[in-house]
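> Fold the following and give me the result.
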Amino acid sequence: GDGTGLCYNLIFLLSHSADYGKSFHDISHAINNSFIRKDFGIGVGPGNSQQVCNSNICMSCFTKESNVLEALKHGIKNFMTLILVTFLQSSLWLSQDFGNKWSKIHEGADKRGELLLRRTQDLGRTFTTIAQNIFTFGYIGRFLFTSVMEKQYNVCWQGSPRVIYVSSDQGDHFSKALLPSATTEQFYSVLDGDEDMIFMHVDSPGGTEIISYFGTVYTSDDRGILYSKSLERHLFGGESKSDFTNVTSLRGVYLTNILKEDERICSVISFNKGGEWRSIKKPNNVECGGSTKRVCMHRCYLHIHGEHSHYSGISPMLPLSSPSAIGLVIAHGSVGESISASRPDVYVSSDGGYNWMCALRGPHHYSILDSGGLIVAVEAHRDRQVQSIKFSTDEGQCWKTYNFTQQPIFFAGLASEPGSKAMNISVFGYRPDDDAQPMWVAVTIDFEQLVTRECDEQDYVEWLAHSDEDGAFETDGCVLGYKEKFRKLKKLSVCRNGWDYVVSKQQSPCPCSREDYMCDYGYYRHENSSECVKQPDLPDKTLELCLNGEMKELQTAGYRKIPSDKCEGGFSPPRQMDVAKKNCGDPSQAPSMSLYPRSPVCNITFFYFLIHK
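Residues are numbered from 1 along each chain as shown. Now for the predicted structure:
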């Protein structure tokens, strides 16, 4: 149905395009005319954009097992390797030729109950149990997580606290992460991470009638074991909805929303991987909303609409950035004392989130093309058809409009291939037909016909990231211990970066300062202060920590360097960890666990999955 009370009998076809959406060919026979589920859908091969797969790709191979397949997982080091789990029988299947042939390598995977976490290093020929009584697990960067109940799982002990165990060697050894414990009414969630550190949300008990939950964000050390408080009252609602966003166009930048004690939702931003958070500066081209000008002067900021707004239907798109479009961020937002529940506008930053401008009024669907040299947008309407697309060649300062069809359509989506490097954009939608069945339409717009000139050296400028306008200080641009200068396209240059465009940058080290350090375990920063002080409830003695089966003593002045920070010299607080000459626990085993459900992650060397004991 489309909201009008009419229902349609639809025939679904799978089509393929080899010319960036300009023409399509029916290939439904390739998947035995199977229906493609929306939640699994179609995916482009991560190693080759000409490879396409979907969860029904070998439906006929699994008719005895199940008519439904769990989502495919790609190998990390060999993209031809696929692994999946059948839904009903929970059998583990492996393909080494991108889904042409499959072999069953294990039975009883991923069932709920008292489970084992197992690993294979030889593509399913042999398996090793690396942890027992496991219910769910997560894998991100180089860290394998297990959430553990301190007592053996039993329905009578569902109130027992849970803790996180972490392995950085593919499960050979586990260490307990030093985080606050959580009851069964609370949860942990890994928000983001890389090879150096992890962002972890720990839920706070309770909540409000308006928002389901809030909690605290912790950041880890480079082993994923020692965690420090990064952000309090972090908004994290039901259905695992979090506004936590990694701005991929500039290193170290993260956006998220917090729930104030008066239940206002406000946005904050960090430019140093969670070391410090601040409010987002109000754009100069927008007047402050609110009841009085006095309130606006002291409490008027830009607030970014994230997953919560998207889930509730207020915002049609999440914040968008791309590693190839340096500094560019596009997001829906509102200006005032807190996030507004009314229709948001589109805001653009060209310096990674330091400064913003209101680019388009009202909600839009948007996309980044030509490595940031081109932005396109289509107005978002639920009950109105569209026929035009807006585009900008100067990072959202000026916009032009192009009518891509004479007959308006109800908008359904935008698609570009290969991603943000493309110069082609496809607009998908449908229009009502006389026989009450919708006619689906895909229109591809080729901007190479408009922007015809290739960029040359004169079109680029040297840009220092994380810098103020004058760059007067030696430490200007120093973030996470070093400066980065980029070769960036001038806003007034109307030309193509092209398919072969590669981000060019130069790095130089900076002297260490307090900003290169986060508060150590057991310490925290006072609001509006860079000084780390000891938590009031922390005993006034040397900390003893159980790491990898050895008891160690942590002697610290309250600071530890942020993982991946490259500063040299300067501020250097004392920090030392010594072995306390006694063993603690078994570093090769982790007890039972319970974490928000996450899908198994595999690579060509290691497959981790759960089996019924």
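> all contacts plus neighbour counts: C-alpha atoms, from now on.
Will do.
> And stretch 423-439, what's buried?
Neighbour counts over stretch 423-439 (16 or more other Cα atoms under 10 Å) mark 423-431, 438 as buried.
> domains in this protein, as residue ranges please.
When the chain is parsed with automatic domain parsing, its domains come out as 34-136+597-613, 457-509, 514-583.
> Lowest average pLDDT across the ones you listed?
Lowest mean pLDDT within the domains of the chain: domain 34-136+597-613, a mean of 57.
> low-confidence ranges in the stretch 201-350 of the chain?
For the stretch 201-350 of the chain, the stretches with pLDDT under 70 are 205-212, 238-240, 289-297.
> Mind jotting down where the helices sit in it?
Assigned by DSSP state H, counting those that start in this stretch, the helices in the stretch 201-350 of the chain fall at 293-299, 307-312.
> For the last one, report the contacting residues that lie outside it.
Meaning helix 307-312. If you take Cα atoms under 8 Å, 6 or more residues apart in numbering as the criterion, helix 307-312 is touched by 237, 241-243, 315-318.
> again, only using 6 Å
If you take Cα atoms under 6 Å, 6 or more residues apart in numbering as the criterion, helix 307-312 is touched by 241-243, 315-316.
> okay if I get these as CSV plus neighbour count and distance to Phe404?
Below are those laid out as CSV (neighbours: other Cα atoms under 10 Å; distance: Cα to Cα, whole Å):
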residue, neighbour count, distance to Phe404
Lys241, 17, 35
Ser242, 20, 35
Asp243, 25, 33
Ser315, 29, 24
Pro316, 21, 21
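> Out of these, the closest to Val503 would be?
When these are compared for distance to Val503 (Cα to Cα), Asp243 wins out at 27.8 Å.
> isn't the closest one right up against Leu255?
No - using Cα atoms under 6 Å, Asp243 makes no contact with Leu255, being 7.6 Å away.
> Let's see stretch 402-410 as CSV, backbone CA atoms only.
What follows is stretch 402-410, C-alpha atoms only, in CSV (Å, rounded to 0.1, in the frame of the first residue of the first chain):
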residue,chain,number,x,y,z
TYR,A,402,17.9,20.8,-13.0
ASN,A,403,14.6,19.2,-14.0
PHE,A,404,15.4,15.6,-14.7
THR,A,405,12.0,14.6,-15.8
GLN,A,406,8.9,16.2,-17.4
GLN,A,407,6.6,13.9,-15.4
PRO,A,408,7.1,14.2,-11.6
ILE,A,409,7.7,11.1,-9.5
PHE,A,410,7.4,10.1,-5.9
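> Could you pull out the buried residues of it?
Those would be 408-410, for stretch 402-410 by 16+ other Cα under 10 Å.
> Tabulate the residues you listed (TSV), appending secondary structure, pLDDT and distance to Tyr301.
As requested, the buried residues of stretch 402-410 are arranged in TSV below (DSSP: H, G, I helix; E, B strand; the rest coil; pLDDT from 0 to 100; distance: Cα to Cα, whole Å):
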residue	secondary structure	pLDDT	distance to Tyr301
Pro408	coil	93	37
Ile409	strand	93	36
Phe410	strand	93	34
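> if we can go back for a sec, looking at the contacts of helix 307-312, which are in strands?
241-242 (DSSP state E).
> Name whatever forms a beta bridge with Leu302.
Counting by DSSP bridges, Leu302 forms beta bridges with Ile280, Val335.
> With Leu94 instead?
Partner residues in beta bridges with Leu94, using DSSP bridges, are Ile83, Ser103.
> That one: how many residues sit nearby?
21 (other Cα atoms under 10 Å).
> distance of the nearest residue to Ala341 once chain neighbours are set aside from Glu263?
Using Cα to Cα, 6 or more residues apart in numbering and skipping residues adjacent in sequence, the residue nearest Ala341 is Ile314, 7.0 Å away. According to Cα to Cα, to the nearest Å, Ile314 and Glu263 sit 18 Å apart.
> So between these two, which is more surrounded?
More neighbours surround Ile314 than the other of Ile314 and Glu263, with 19 against 12 (other Cα under 10 Å).
> Could you tell me the per-residue confidence at Ala380?
Per-residue pLDDT puts Ala380 at 95.
> again with the one 10 residues further on
Model confidence at Lys390, given as pLDDT, is 97.
> what's the neighbour count on the nearest residue to it once chain neighbours are set aside?
Setting aside the residues directly before and after it, Lys390 is nearest to Thr401 in space (Cα to Cα, 6+ apart), at 4.5 Å. For Thr401, the count of nearby residues is 13 (other Cα under 10 Å).
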